[in-house]
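Asker: how does the following fold in three dimensions:
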Amino acid sequence: MTPSASDALYRALPSVDDLLREPEIAACAEEAGRSAAVDACRAVLEGIREEIAAGRLDSGRLRTSIAGIQAAVRTELGRALSSSLKAVINATGVILHTNLGRAPLSGGAIAHVRETSEAYSNLELNLDSGERGKRDEHVDRLFRKLLSDAVPPSFGTEQAGRRSFSISTIVVNNNAAAVLLALNTLAEGGEVIVSRGELVEIGGSFRIPDVMAKSGATLCEVGTTNRTRIEDYERAITERTRLLLRVHRSNFEITGFTGQPGLEQLVRLAAKYKLPVMEDLGSGVLFDLRRVGIHNEPMVLDSLRAGVAVVTFSGDKLLGGPQAGILSGREDLVRRMRGNSLFRALRVDKLTYAALEATLLAYVKRDYAEVPVLRMLELSNPEIAARAESLAAGLAPKAAGAARPAGHLTVELTGGESLIGGGSAPSALLPTTLLALTSSQMSADELARRLRAASPPVVARVDQGRVLVDLRTVFPAQDEVLRQILAEIAAS
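Answerer: Modelled structure (predicted):
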């Protein structure tokens, strides 16, 4: 297209003021506000200008675009004023998908959030005394029940038949905040000893050395990337040492010629020099994962039983609750952290406490099926395969054989593996049955984009030219919705 021809197309476009005088757009401006209508007009006009610049519009196509411009502005206005955060169908098979909000909440958690947020609540009121209470008491009492069996003798001495220390728990807004609060409280101005093999980075560029620096503590690295011995820790202890830190490698593994001291060794060494041991567990498992064939993910109970003084972990990973950073450990140390001014800056609100309390109650009652993450972990491959077969048959009921044509889509069932994700149990793979989708009319990337554009959006995996749908992370109530979305795409 010559410059003069494109200039003529640009001049044919209406101005924003012209559009605002159109009755349909004027009505939109009256309803949504002039500023929002102006932004929508500009966005639509800019889109048409980009089409002209790319040479995709001639005068005929431009007339068609201008004829539909009022409808386009209305659509753009609706998009701009709708919520961008929305529910999606997670068909990736990654149970704790960080980009998709990690753990979905249980029905009980959602109901408790609604109940305590639609009205006033006793968030910081002791109903027995009528005096001000502490907001963390609502979950601390439940953590005491769940972790009471973990109190080791090293947590205190017997005084008149009673132990001087017990387990206590406080909650902040995420695990990074929990680590920051603990290090600042227990080690500000001093040194913290960490193995070089545990200087991890997790999503969002959260690095242990960086959070250590922010806490006011000094990092003391010992050992090597693959091997650290207990003697390395002991040689590094000085009068400035405040803490021994163990960091769980939650999102990677080191294999081969490796070695690290056990927690019991670390605790014995720390006791010798009257130092606490802190462990950043990350995922925070209260459920015995051996029930689902996962053996290498440490549990909170195991760490506390070994004598770790403070354990930090997340609420929205394998615990299956809301985003939160949880600090459980020796009551005297947790009391110090509760008194740190950072605790108020990092504290969570009533919605988080409500969701976390309901999640913990499911654990106390041993009602593990109530927690979606645990239900997904326990799903067997035959259960998933039966659902996948039913969905495939619903798309192509008369097809025979492994490949089922449905419009321009072909659906096949194939074996695969689900992931836990979210920086938890990086080597754990759960057997599953996948729906493998291919299209004769579009690439796998385009098909995945079409799924994300559906209502509700469907997020799936793309691998070797196929779109893979894993029903492990799709709620059974969503199966029919997913089938309808696939059928609409197949017929389009």
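Asker: for the stretch 251-400 of the chain, which spans come out with low pLDDT?
Answerer: 251-258, 398-400 (pLDDT under 70).
Asker: hey, where'd the helices end up in it?
Answerer: 263-272, 300-305, 331-338, 341-346, 350-364, 372-378, 381-395 (DSSP state H, counting those that start in this stretch).
Asker: tabulate these (a markdown table), appending distance to S166 and mean neighbour count.
Answerer: From N, CA and C alone the C-beta is placed, and that goes for glycine too. Output for the helices of the stretch 251-400 of the chain, formatted as a markdown table (distance: least, Cβ to Cβ, whole Å; neighbours: other Cβ atoms under 10 Å):
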| stretch | distance to S166 | mean neighbour count |
| --- | --- | --- |
| helix 263-272 | 18 | 18 |
| helix 300-305 | 11 | 21 |
| helix 331-338 | 5 | 18 |
| helix 341-346 | 20 | 14 |
| helix 350-364 | 17 | 21 |
| helix 372-378 | 27 | 21 |
| helix 381-395 | 41 | 17 |
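Asker: what's the span of stretch 167-178, first residue to last?
Answerer: Stretch 167-178 has an end-to-end distance of 16 Å (Cα to Cα, to the nearest Å).
Asker: same check on stretch 314-329?
Answerer: End-to-end distance (Cα to Cα), stretch 314-329: 15 Å.
Asker: and it, what's buried?
Answerer: Going by neighbour count (16 or more other Cβ atoms under 10 Å), the buried part of stretch 314-329 is 314-329.
Asker: what is the neighbour count of the closest residue to L342 other than its chain neighbours?
Answerer: Beyond its immediate neighbours in the sequence, the residue positioned closest to L342 (Cβ to Cβ, 6 or more residues apart in numbering) is L181, lying 5.2 Å away. For L181, the neighbour count with other Cβ atoms under 10 Å is 25.
Asker: thought F343 was touching L181, still the case?
Answerer: Yes: using Cβ atoms under 8 Å, L181 is in contact with F343, at 6.1 Å.
Asker: what is in contact with these two at once?
Answerer: With contacts defined as Cβ atoms under 8 Å, 6 or more residues apart in numbering, the residues shared by L181 and F343 are 172, 337.
Asker: re earlier: and the residue nearest to L342, what does it touch?
Answerer: Contact partners of L181, counting by Cβ under 8 Å, 6+ apart, are 172, 325, 327, 337, 340, 342-343, 346.
Asker: do Q478 as well
Answerer: I89.
Asker: ok, it to V458 distance?
Answerer: Note on Q478: its distance to V458, by Cβ to Cβ, to the nearest Å, is 9 Å.
Asker: what is in contact with the two at once?
Answerer: I89.
Asker: could you dump the helices of the stretch 251-400 of the chain into JSON lines with distance to I420 added?
Answerer: Shown next, in JSON lines, are the helices of the stretch 251-400 of the chain (distance: least, Cβ to Cβ, whole Å):
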{"stretch": "helix 263-272", "distance to I420": "22"}
{"stretch": "helix 300-305", "distance to I420": "16"}
{"stretch": "helix 331-338", "distance to I420": "28"}
{"stretch": "helix 341-346", "distance to I420": "27"}
{"stretch": "helix 350-364", "distance to I420": "18"}
{"stretch": "helix 372-378", "distance to I420": "8"}
{"stretch": "helix 381-395", "distance to I420": "15"}
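Asker: quick one: closest of the ones you listed to L105.
Answerer: helix 350-364 (5.7 Å; Cβ to Cβ).
Asker: got the contact list for the closest one?
Answerer: 105-106, 108-113, 115-117, 121, 123, 135-136, 138-139, 142-143, 145-146, 171, 173, 286-287, 315, 319-324, 368, 370-371.
Asker: contacting residues for G262?
Answerer: So G262 contacts A306 (Cβ under 8 Å, 6+ apart).
Asker: biggest helix in the protein by residues?
Answerer: helix 34-53 (DSSP state H).
Asker: just the ones of the buried residues of stretch 314-329 in strands?
Answerer: 314, 325-329 (DSSP state E).
Asker: now do the strands in the stretch 1-150 of the chain.
Answerer: Counting by DSSP state E, counting those that start in this stretch, the stretch 1-150 of the chain has strands at residues 89-90.
Asker: quick one: low-confidence ranges for it?
Answerer: Looking at the stretch 1-150 of the chain by pLDDT under 70, you get 1-3, 150.
Asker: that one: helices as residue ranges?
Answerer: According to DSSP H, counting those that start in this stretch, the helices that the stretch 1-150 of the chain contains are 3-12, 16-20, 23-32, 34-53, 59-67, 69-80, 107-117, 137-147.
Asker: perfect, I'm done here.
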